[in-house]
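okay, predicted coordinates and the sequence, questions at the end:
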Amino acid sequence: SIDKESASYQRIDELCRIYNVPLLDFTSDEELCKGELFCDILHLNPKGAEALTLKTCAEIKNYLNN
């Protein structure tokens, strides 16, 4: 889980707002947080990487179309 109160997260959030860049946070996404998509507690396996890539591309496409 991401510590949204941390200085680094706060700075990233600030920069995204300044430059009008969406901050994509999938840490609570039920589809992407399944244990079967990870090879260990921090790293996605190939199936997880593919799922994250598809989700990220869909979010970017949606952002660009709006």
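Thanks, I have the structure now.

give me the contacts around stretch 11-22.
Outside stretch 11-22, the residues within contact range by Cβ atoms under 8 Å, 6 or more residues apart in numbering are 4, 23, 59, 63. Bear in mind the C-beta positions are built from the backbone N, C-alpha and C, glycine included.

tell me the confidence at the last one?
Right, Tyr63. Looking at Tyr63, its pLDDT is 91.

ok, it to Thr27 distance?
19 Å (Cβ to Cβ, to the nearest Å).

ok, back up a step: who wins on neighbours among the contacts of stretch 11-22?
Among the contacts of stretch 11-22, the one with the most neighbours (other Cβ atoms under 10 Å) is Glu59, at 13 neighbours.

helix, strand or coil for Leu52?
Following DSSP: H, G, I helix; E, B strand; the rest coil, Leu52 is assigned to helix.

tell me who's in contact with it.
26, 32, 44.

my guess is the first one contacts Leu32, does it?
The reference is to Phe26. Yes - using Cβ atoms under 8 Å, Phe26 is in contact with Leu32, at 4.9 Å.

shared neighbours, those two?
In contact with both Phe26 and Leu32: 52, 55, using Cβ under 8 Å, 6+ apart.

Cys39 contacts Asn45, doesn't it?
Yes - the criterion here is Cβ under 8 Å, and Cys39 meets it with Asn45 at 4.3 Å.

how about the contacts of stretch 11-22 in JSON lines, adding distance to Arg11 and secondary structure?
Output for the contacts of stretch 11-22, formatted as JSON lines (distance: Cβ to Cβ, whole Å; DSSP: H, G, I helix; E, B strand; the rest coil):
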{"residue": "Lys4", "distance to Arg11": "12", "secondary structure": "coil"}
{"residue": "Leu23", "distance to Arg11": "11", "secondary structure": "coil"}
{"residue": "Glu59", "distance to Arg11": "21", "secondary structure": "helix"}
{"residue": "Tyr63", "distance to Arg11": "21", "secondary structure": "helix"}
